[in-house]
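Student: structural data only, the sequence is not supplied:
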């Protein structure tokens with residue numbers, strides 16, 4: 001599993017860096033993304049849906065959001 005700590009970055013950087021990381025993964029790989037920007041709670045799930053990948057888990061505590069994403073196989 002790859003972990004991407006984007007703490008301290010503001011919109012749109014978390015979603016842009018998440019997209020870049022997802023595009024380098026192989027199908028079945030997992031990516032854990034950690035963000036502190038509240039807008040990431042909207043932007044990252046939208047990105048995952050747009051790319052056709054799977055959001056396995058989304059968690060928010062007092063200071064950060066954590067996403068667990070599975071890279072999907074490419075569409076035929």
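Tutor: Yep, it's here. Values in this document were obtained by computation on a predicted structure and should not be read as measured data. Numbers count the residues shown, from 1 in each chain.

Student: what sits up against whichever strand or helix holds residue 22?
Tutor: For residue 22, the host element (DSSP states H and E) is helix 13-24. Helix 13-24 is contacted by residues 2, 4, 6, 9, 31, 33, 35, 37, 39-40, 43-44, 47-48, 51, 53, 67, 69, 71 when judged by CB atoms under 8 Å, 6 or more residues apart in numbering. C-betas here are computed from N, CA, C, even on glycine.

Student: helices - which of those land there?
Tutor: Mapping the contacts of helix 13-24 onto helices (DSSP state H) picks out 40, 43-44, 47-48, 51.

Student: one step back: report the distance from the helix holding residue 22 to the chain centre.
Tutor: On the basis of CA atoms, centre = their mean, to the nearest Å, helix 13-24 sits 7 Å off its chain's mean C-alpha point.

Student: what are the buried residues along it?
Tutor: By neighbour count on 16 or more other CB atoms under 10 Å, the buried set for helix 13-24 is 14-15, 18-19, 21-22.

Student: isn't residue 3 up against residue 66?
Tutor: No: Residue 3 is beyond contact range of residue 66, at 9.7 Å (criterion: CB atoms under 8 Å).

Student: ok, the two, which is more surrounded?
Tutor: When neighbours are counted by other CB atoms under 10 Å, residue 3 and residue 66 differ, and residue 66 comes out ahead with 16 against 12.

Student: residues in contact with that one?
Tutor: Applying CB under 8 Å, 6+ apart, the residues contacting residue 66 are 32-35, 57-60.

Student: if we use 6 Å, what do you get?
Tutor: By CB atoms under 6 Å, 6 or more residues apart in numbering, the contact set of residue 66 is 34, 59.

Student: measure it to residue 32 for me?
Tutor: 7 Å (CB to CB, to the nearest Å).

Student: repeat that for residue 17.
Tutor: 13 Å.

Student: coming back round to it: farthest pair within the ones in helices among the contacts of helix 13-24?
Tutor: Greatest spatial distance among the ones in helices among the contacts of helix 13-24 (CB to CB): 40 and 51, at 15.4 Å.

Student: so the two - more neighbours on which side?
Tutor: Neighbour count, other CB under 10 Å: between residue 40 and residue 51, residue 40 has more, with 28 against 15.
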